[in-house]
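K.L.:
give me coordinates for this.
(2 chains)
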Number of protein chains: 2
Amino acid sequence: MSKSYEALSSLLEKTMALQTSLILLEWDNETLAPPDAGSYTANVIGALSEEYYRVMTGEDMEKAIKNCEADDSLTEIEKAITAEAKEVREELVCIPSKEYRDNAQLVSESTRIWSKAKEDGDFDAFIPTLEKVVDYQKKFASYRSKEGRKLYDIMLDTYEKDFNMELLDQFFGELKEEIVPLLKEIKDHGRTIENGFLKGDYSEEKQRELAVFLAEYIGFDFNKGVLAVSAHPFTTNLHNHDVRITTHYSDRVDSSLFSVIHEAGHGLYEQGISDEITQTLVGQGASMGMHESQSRFFENIIGRSPAFWEPLYEKLVSFFPEQLKDVTREQFVDAINKVEPGLIRIEADELSYSLHILIRYEIEKMIVEENIDLKDLPKIWEDKYEEYLGICPDGPANGVLQDIHWSQGSFGYFPSYALGSAFGAQLYYHMKKEMDFEGLLRDGKVDVIREYLREHIHSYGKLKTSRQILKDTTGEDFTPKYYIQYLKEKYSALYQL
Amino acid sequence: MSKSYEALSSLLEKTMALQTSLILLEWDNETLAPPDAGSYTANVIGALSEEYYRVMTGEDMEKAIKNCEADDSLTEIEKAITAEAKEVREELVCIPSKEYRDNAQLVSESTRIWSKAKEDGDFDAFIPTLEKVVDYQKKFASYRSKEGRKLYDIMLDTYEKDFNMELLDQFFGELKEEIVPLLKEIKDHGRTIENGFLKGDYSEEKQRELAVFLAEYIGFDFNKGVLAVSAHPFTTNLHNHDVRITTHYSDRVDSSLFSVIHEAGHGLYEQGISDEITQTLVGQGASMGMHESQSRFFENIIGRSPAFWEPLYEKLVSFFPEQLKDVTREQFVDAINKVEPGLIRIEADELSYSLHILIRYEIEKMIVEENIDLKDLPKIWEDKYEEYLGICPDGPANGVLQDIHWSQGSFGYFPSYALGSAFGAQLYYHMKKEMDFEGLLRDGKVDVIREYLREHIHSYGKLKTSRQILKDTTGEDFTPKYYIQYLKEKYSALYQL
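P.N.:
Model prediction:
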């Protein structure tokens, strides 16, 4: 290791440790911490964040990055880490420290205010806070803006590089054109699918055992990971040997079942990051979209496929012999794929899911680029749900207030969910050429599929962008066509259109 | 707040946040983290410890402390925090930073190696690691040594100020002189007490419910605390609004029952620290001994007393109606006080407990002051158990490997357990003069006792030393006489000697 890289590495080790602490505090807060701990623990979070900002934006860091840039002896990985450090630093350093702290404070308050407003179904109570959050996000984006780039493009860039509004307009345009009519056709002409048996007396203990079994079945390694319970399922990690997924249990057995496969999909990505780069700035998933591609790949393309359940269904029935005694495997697989446009994104079926994202994408553009009055959001939301999904929210709790993202200032995040599905479909059609995909699932050999993904995607971490990964793996640049093809083929067949 | 104190306070806020992160990482490691996470998480622990060391020993801190010392406008609490900061800094600044970090990393690994060695009953596998740990502890003590103080005295000082080997030799000498013959007399002439019913088919779920009930009964606040499971019960806290206790469940119902009361006793101390000083350097228990005085006070003086169970026994039976159906309250209380010299310290009865500590105290002196070969430890251990308790370990797992302390480098800690018992007895005899102690327990009014302890002990945190607390509360300096009186009175009566 060169002297110059050693200096940078030592500073980054400190920021990594601070970030890991913040991640653990957040995990702990979501899964275990006692109710009254909040404001005291916030002092700890505040002090750690401030220290992170100080080190990341400090002169030592600036000098260390410059020295590394001038050093020819760096390895490729060291160069990538240097570039990443430079980018992270530039994104922070343009924000005045007071505003950085104030925003962090605001966000921690605004998620609480949002949560209360959602509980009360009272969007008006959230408007003043949301306005402040939006203002900060716009201001921060404007600090980062170069050469007159649009603010929303800058926000999008945070979560998914190389996907600007121009590309996304086209992507979502194609989706809208194909999916809205398909949904309508299913509604008007599709056959009826029974899924009532998915709801019932499914004991939490058995669901938990099943969750562990399924996570292990797809390859989640419990020597390097844990499963816990939280209000909303999520995945986080301290490093590639400590990856944490959560789920929740309800009377809908498919809810925890697929949330576990989804989160374990995220988890496999993080466990698959190579040891060489874990605990460095490139030791995470390539992007939010690529992360979602993996979770949704396991949840939908694998987890909801008939082939996946061939070797597994009997096992599933052994967990719930009473509840599933009259249900055939075919009926079960139909049921978990039933199209049922609803109000809640995270409960959406695979087909209508993309429209939930489309709606959010269109509204975010209006908020950031058209400066609409936030008071109008509930109405805009309802109109779009009516238009695209044919249903109307019964109030803001199940409408505009349902997601936490805006309260956190995460504008530009939503598109990654749809992009992830599209990345996954593109990978899927390519992999079908490389291997007998369905045959492997039928033989219970998920490991072959997983190892392929690990080799081509997971192990690289952030050493490649998602577009590079797609090109290197499939030989093609990103294209939405496979996603549309996948949805059309799957649902036309399922609904016998 | 004065300018000079503000500067110190801001530095201490950072060290507090780092320490809190380290505490959370340790908690997580003991209760949840996946098996393979260790060496990677150790990097994080190493980096945080290094940063803590850097800030604590830095010039800014030195200057801030000096300025505060010269500042007349400081409040009493600010003065105490300044003095504590100075002391903590002086203990650290003499240790080279690399050694400090290496030791932190070593300790986090060595607890895992110890745990594996214990599982395998293989002391040899632990020797190389233990040697390193001992070397570091001796080296660190030697750095701190002033005026030729003995190394073990310096280690003792870390956990209990004003109690050196001279005082402890006397203390343990008196104990040995009184307790070893008393134990023998009970064995030879005491009546037989039946306690077989304490072992049996006690379901883990019911034990857990009972644990929560008992912790709440003595006043542990679950809005500010949690209960989890770990191999070795312990208590830790992020601040006074986030206090965490653990237990373990076995087929001995009294094992988890009293470990929970014990840990909740620690927890009450931390929850009782006043808001004004939590998250500061004086916002912890006065000393390890005073901490143990509280846990053992609740476990033994309260929890094993006949009066405590008068209002509670029926409730206990409702948890285990089958297992306890033929057991009277009197039989139960006799059983939980049965003297049964055994191999395991944490399962020891109240009387022989102090001899377990005596043995460790004597062995620690040999390790630190006589540099014995660690290979000989199992033999030394066995001989002492034979001599003082009349029993011989069946191997290192139940012998020299049973406690986590040495793997953590906590030499000098064990005596606090015995001192804690002695502090507790001294407080008890005083409180009996101030209130109808047994009457309160009989009326289910543990809260009156708890509030007394909170007022006189808990709320002060480290603003007083344990000896000051004893003097201020009981009007007497520390004396072991009440502890010996307590044990003799209690066990002579119980065994009808």
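K.L.:
quick check: the residue nearest the centre of chain A vs A:Tyr353, distance?
P.N.:
For chain A, A:Glu292 is the residue whose C-alpha lies nearest the centre (Cα atoms, centre = their mean; 4.5 Å). Here A:Glu292 is placed at a distance of 11 Å from A:Tyr353 (Cβ to Cβ, to the nearest Å). Heads up, the C-betas are built off the backbone N, CA and C, glycines and all.
K.L.:
ok, now A:Leu210?
P.N.:
Distance of A:Leu210 to A:Tyr353, given as Cβ to Cβ: 23 Å.
K.L.:
what's in contact with stretch A:390-400?
P.N.:
Defining contact as Cβ atoms under 8 Å, 6 or more residues apart in numbering or on different chains, one finds that stretch A:390-400 is touched by A:117-119, A:121-123, A:183-184, A:187, A:341-344, A:377-378, A:381-382, A:385-386.
K.L.:
which of the residues you listed are close to chain B?
P.N.:
Among the contacts of stretch A:390-400, no residue lies close to chain B (Cβ under 8 Å from any Cβ of the partner chain).
K.L.:
what residues does chain A put near chain B?
P.N.:
Going by Cβ under 8 Å from any Cβ, the residues of chain A near chain B are A:13-14, A:16-18, A:20-21, A:24-25, A:28, A:32-37, A:39-41, A:43-44, A:47-48, A:51, A:221-226, A:228, A:238-243, A:278-279.
K.L.:
list buried residues within these.
P.N.:
Buried residues within those, counting neighbours by 16 or more other Cβ atoms under 10 Å in any protein chain shown: A:13-14, A:16-18, A:20-21, A:24-25, A:28, A:32-34, A:36-37, A:40-41, A:43-44, A:47-48, A:51, A:221, A:224-226, A:238-243, A:278-279.
K.L.:
from the stretch 151-300 of chain A, which residue is nearest to chain B?
P.N.:
A:Asp242 (3.8 Å; Cβ to the nearest Cβ).
K.L.:
list the contacts of that residue.
P.N.:
A:Asp242 touches A:224-225, B:33-34, B:37, B:40-41, counting by Cβ under 8 Å, 6+ apart.
K.L.:
same deal with A:Thr280?
P.N.:
Going by Cβ under 8 Å, 6+ apart, the list of residues near A:Thr280 reads A:12, A:16, A:77, A:81.
K.L.:
which of the residues you listed fall within helices?
P.N.:
Among those, the members found in helices (DSSP state H) are A:12, A:16, A:77, A:81.
K.L.:
assumed A:Val226 was part of a helix.
P.N.:
No - using DSSP: H, G, I helix; E, B strand; the rest coil, the assignment for A:Val226 is strand, not a helix.
K.L.:
might you report the residue contacts of it?
P.N.:
Contact criterion Cβ under 8 Å, 6+ apart gives A:244-245, B:32-34 as the residues in contact with A:Val226.
K.L.:
which segments of chain A make up each domain?
P.N.:
The record assigns chain A these domain ranges, following automatic domain parsing: A:3-149, A:165-494.
K.L.:
most neighbours per residue, which of those domains?
P.N.:
Counting by mean count of other Cβ atoms under 10 Å in any protein chain shown, domain A:165-494 has the highest mean neighbour count of the domains of chain A, with a mean of 19.
K.L.:
checking A:Thr236 next. Helix, strand or coil?
P.N.:
strand.
K.L.:
circling back to that earlier point, what residues are shared contacts of A:Glu292 and A:Tyr353?
P.N.:
A:417, A:421.
K.L.:
what lies in contact with the lowest-mean-pLDDT helix or strand in chain A?
P.N.:
Every helix and strand of chain A was ranked by mean pLDDT, DSSP states H and E. The lowest is helix A:97-120, at a mean of 88. With Cβ under 8 Å, 6+ apart as the test, helix A:97-120 has contacts from A:42, A:45-46, A:49-50, A:53-54, A:57, A:92, A:95, A:123, A:125-126, A:129-130, A:132-133, A:136, A:139-140, A:396-397, A:401-402, A:404, A:406-409.
K.L.:
check stretch A:78-91 too.
P.N.:
Stretch A:78-91 is touched from outside by A:1, A:5, A:8-9, A:12, A:56-57, A:61-62, A:65, A:68-69, A:74, A:144, A:158, A:280-282, A:462-463, with contacts defined as Cβ under 8 Å, 6+ apart.
K.L.:
for the contacts of A:Asp242, which one is nearest B:His232?
P.N.:
Checking the contacts of A:Asp242 against B:His232 by Cβ to Cβ gives B:Ala33 as the nearest, at 15.1 Å.
K.L.:
cool, thanks, talk later.
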